[in-house]
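*Asks:* requesting a structural model of the entry that follows:
(one chain, ligands or ions: 1)
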Amino acid sequence: MRTKLVAGNWKMNGGLASNQALLAAMIPALAGLTAAKFAVCAPYPYLAQVRQVLRGSNIACGAQDLCQFESGAYTGGVSAAMLLEFDCRYVIVGHSERRSVFGESDELVALKFAAAVKHRLTPILCVGETLAERESGVTETVVARQLDAVIGCCGSTALAQGVIAYEPVWAIGTGKTATPQEAQAVHATIRARIRAAADRRLADGQTILYGGSVKAANAGQLFAMPDVDGGLIGGASLVADEFIAICRAAQVARETVKA
Ligand code: 13P
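*Replies:* Below you'll find the predicted structure:
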């Protein structure tokens with residue numbers, strides 16, 4: 001059975017004092033939740049702090065992006081090897097904000113995915129459609145194109161080395177969440193695509209997160225869906241009580257499946 005994962009994406013938020021307070025609240029609250037996995041993806045300058053504060057806890061450290069190159073004259077770039085030195089286990093690639101604001105193409109995202117897996121970092125590959133794309137009925141085509149870019153670059157079994165996050169762009173930071181049924185439908189097509197490209201065993205084992213206005217109030221229903229394996233949380237990951245409640249919902253969803 002797949003273990004639920006809840007990852008916070010702090011985006012370009014935080015500060016030394018507020019990070020410390022947030023993590024200090026999270027660590028004891030999540031300590032007893034052993035049926036799910038947890039992570040926070042912090043801005044680069046805070047990775048050293050986050051790594052140190054999280055040491056010995058059950059919360060993993062992650063980054064929000066990486067450079068596709070190994071090292072050299074790439075001003076502003078941060079390599080996979082550098083992230084590993086700060087104990088990052090996860091790195092987000094292809095977030096819709098990277099795609100739309102920073103112009104990252106499917107091909108570049110695939111190269112970043114490849115750089116992460118080469119160094120045994122777990123990439124969290126974000127896929128998802130805009131509102132216009134959903135309204136014109138091309139959600140599946142868009143998501144398939146984004147997945148196929150990684151399969152084409154890294155091989156048919158590559159996705160299994162990462163985590164996929166379905167994040168409909170229209171639900172990010174808008175307060176509009178996909179309904180559990182809408183999320184489930186897309187998650188099921190993602191799993192089917194992996195089954196077709198690779199095999200049933202890899203598809204069944206693939207962790208697929210939902211992201212987009214997940215909150216304490218809707219996490220339980222989303223995580224109860226059979227193909228929703230947890231969440232990638234933006235705004236609510238900056239509020240200790242909200243994030244802790246979302247993490248508890250992942251633990252409860254897992255226990256409910258077992259019962
Ligand atoms: P919100 O949870 O703020 O909608 O952001 C989702 C997201 O983009 C996580 O990567």
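
*Asks:* my read: residue 107 touches residue 153, true?
*Replies:* Yes. Proximity of residue 107 to residue 153 meets the contact threshold set by C-beta atoms under 8 Å, at 7.2 Å. In this view, the C-beta of every residue, glycine as well, is placed from N, C-alpha and C.

*Asks:* out of the two, which sits in the busier spot?
*Replies:* When neighbours are counted by other C-beta atoms under 10 Å, residue 107 and residue 153 differ, and residue 153 comes out ahead with 17 against 12.

*Asks:* the more buried one against residue 106, yeah?
*Replies:* No. Counting by C-beta under 8 Å, no contact exists between residue 153 and residue 106, whose distance comes to 9.0 Å.

*Asks:* apart from its chain neighbours, what residue comes closest to residue 24?
*Replies:* Excluding its sequence neighbours, the residue lying closest to residue 24 (C-beta to C-beta, 6 or more residues apart in numbering) is residue 53, at 7.4 Å.

*Asks:* what's the next secondary structure element after the host helix or strand of that neighbour?
*Replies:* Secondary structure assignment for residue 53, by DSSP states H and E: helix 47-54. Downstream of helix 47-54, the next assigned helix or strand under DSSP H and E is strand 59-63.

*Asks:* show me what that following strand is packed up against.
*Replies:* Contacting strand 59-63 under the criterion 3 or more C-beta pairs under 8 Å, 6 or more residues apart in numbering; DSSP states H and E are the following elements: helix 16-30, strand 36-41, helix 47-54, strand 88-93.

*Asks:* in a markdown table, list those along with mean pLDDT.
*Replies:* Supplementary listing: these in a markdown table, determined by pLDDT from 0 to 100:
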| stretch | mean pLDDT |
| --- | --- |
| helix 16-30 | 98 |
| strand 36-41 | 98 |
| helix 47-54 | 98 |
| strand 88-93 | 98 |
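
*Asks:* relative to residue 197, which of those is closest?
*Replies:* Minimum separation from residue 197 across the helices and strands packed on strand 59-63 (C-beta to C-beta) falls at strand 88-93, 18.2 Å.

*Asks:* show residues contacting that closest one.
*Replies:* Contacts of strand 88-93 from elsewhere in the structure, counted by C-beta atoms under 8 Å, 6 or more residues apart in numbering, are 7, 9, 39, 41, 47, 51, 60-66, 80, 83, 109, 112-113, 116, 121-126, 162-163, 165, 232.

*Asks:* the residue in the chain that the ligand sits nearest to - how many residues pack around it?
*Replies:* Using C-beta to the nearest ligand atom, residue 234 is the residue of the chain that sits closest to the ligand, at 2.2 Å. Residue crowding around residue 234 was assessed by other C-beta under 10 Å; the count is 21.

*Asks:* equivalent analysis for residue 255, please.
*Replies:* When counting by other C-beta under 10 Å, one arrives at 11 neighbours for residue 255.

*Asks:* and the closest residue to it other than its chain neighbours, how far is that from residue 176?
*Replies:* When the adjacent residues along the chain are set aside, residue 255 lies closest to residue 35, with 6.1 Å between them (C-beta to C-beta, 6+ apart). The span separating residue 35 from residue 176 equals 29 Å under the rule C-beta to C-beta, to the nearest Å.

*Asks:* between those two, which has more neighbouring residues?
*Replies:* Per other C-beta under 10 Å, whichever of residue 35 and residue 176 has more neighbours is residue 35, with 15 against 12.

*Asks:* surely the more buried one meets residue 251?
*Replies:* Yes. Assessed by C-beta under 8 Å, residue 35 is found in contact with residue 251 at 5.0 Å.

*Asks:* list residues touching both of the two?
*Replies:* Counting by C-beta under 8 Å, 6+ apart, the residues touching both residue 35 and residue 251 are residue 4.

*Asks:* with that, I have no additional questions.
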